[in-house]
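Q: structure here, sequence nowhere to be found:
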């Protein structure tokens, strides 16, 4: 199978809800390709970095990224956009798992490679700005993050077939607005994001908007509405990835919102589900 055929089959499995099978398939193809098609193997490991990130498995996500980078380094491609994209996925995974030390340097290295390389896809540049913004948000640098998200949005809005990414970027910008306590701006951005996801509810990126909705309603004092959003988020995660750490976090947030709404029994139920999910992973 060519790289394109492998990734098409992988996406087909994912879109059909066979998430576990998709991971097993792609990892199998990656190992097989290492024998004769190392660049295909690197592409598969690169894709697996993101797969394991959204599944909540830090160790496997990092291992996949490191394998992709090792293959590309051996092929003397460390100054190419292919290496930069693999490095970007690694940095994004580290940011998602909270390992932020040194990651800003990685983003700067990626940007340097992109600047030296011709024909870098605008999508890759948009992803770089988005990922860098996520890191800046985690470090409490919301103004800088918002500037990066704005650059990402400007690129995405000029692309075809980037509606999902555009909607996701707007939801992320709503988080920035919340950080500066501009709830009206956050509501406007999030509402625009939700317009798309109402027509694409099965899109996994819809979870970003749901999480943002829960946070925004909580800040507004609409605690029952916040709890509802977090519970719907948890249900989406469970359906697609099982009761992983992201599910546990969503249920923990639902419990907090229910508690604030004075609904102790619902809070206890969500807290128990969260703790049970955490226990299963340990």
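A: Yep, it's here. Source: prediction; values computed, not measured.
Q: the helices in the stretch 51-200 of the chain, which residues?
A: In the stretch 51-200 of the chain, the helices defined using DSSP state H, counting those that start in this stretch lie at 58-74, 81-96, 103-116, 122-138, 142-156, 163-179, 183-197.
Q: mind putting the ones you listed into CSV with mean pLDDT?
A: Below are the helices of the stretch 51-200 of the chain laid out as CSV (pLDDT from 0 to 100):
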stretch, mean pLDDT
helix 58-74, 95
helix 81-96, 92
helix 103-116, 92
helix 122-138, 93
helix 142-156, 96
helix 163-179, 96
helix 183-197, 97
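Q: just put the ones you listed in a markdown table and tack on mean neighbour count.
A: Any C-beta I mention is one placed from the backbone N, CA and C, and that applies to glycine too. Formatted as a markdown table, the helices of the stretch 51-200 of the chain follow (neighbours: other C-beta atoms under 10 Å):
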| stretch | mean neighbour count |
| --- | --- |
| helix 58-74 | 19 |
| helix 81-96 | 23 |
| helix 103-116 | 16 |
| helix 122-138 | 21 |
| helix 142-156 | 20 |
| helix 163-179 | 23 |
| helix 183-197 | 18 |
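Q: take these and lay them out in JSON lines including distance to residue 35.
A: Listed next are those as JSON lines, based on distance: least, C-beta to C-beta, whole Å:
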{"stretch": "helix 58-74", "distance to residue 35": "12"}
{"stretch": "helix 81-96", "distance to residue 35": "20"}
{"stretch": "helix 103-116", "distance to residue 35": "28"}
{"stretch": "helix 122-138", "distance to residue 35": "28"}
{"stretch": "helix 142-156", "distance to residue 35": "38"}
{"stretch": "helix 163-179", "distance to residue 35": "35"}
{"stretch": "helix 183-197", "distance to residue 35": "42"}
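Q: which of these sits closest to residue 213?
A: helix 183-197 (6.3 Å; C-beta to C-beta).
Q: tilt between the closest one and helix 163-179?
A: 160 degrees (axes from the mean of the first three to the mean of the last three C-alpha atoms, to 10 degrees).
Q: give the next helix or strand downstream of helix 183-197.
A: Next helix or strand after helix 183-197 toward the C-terminus (DSSP states H and E): helix 206-220.
Q: other residues contacting that following helix?
A: Outside helix 206-220, the residues that touch it by C-beta atoms under 8 Å, 6 or more residues apart in numbering are 167-168, 171-172, 174-175, 178, 183, 186-187, 190, 193-194, 197, 200, 223, 225-227, 229-230, 232-233, 236-237, 250, 253-254, 256-257, 260.
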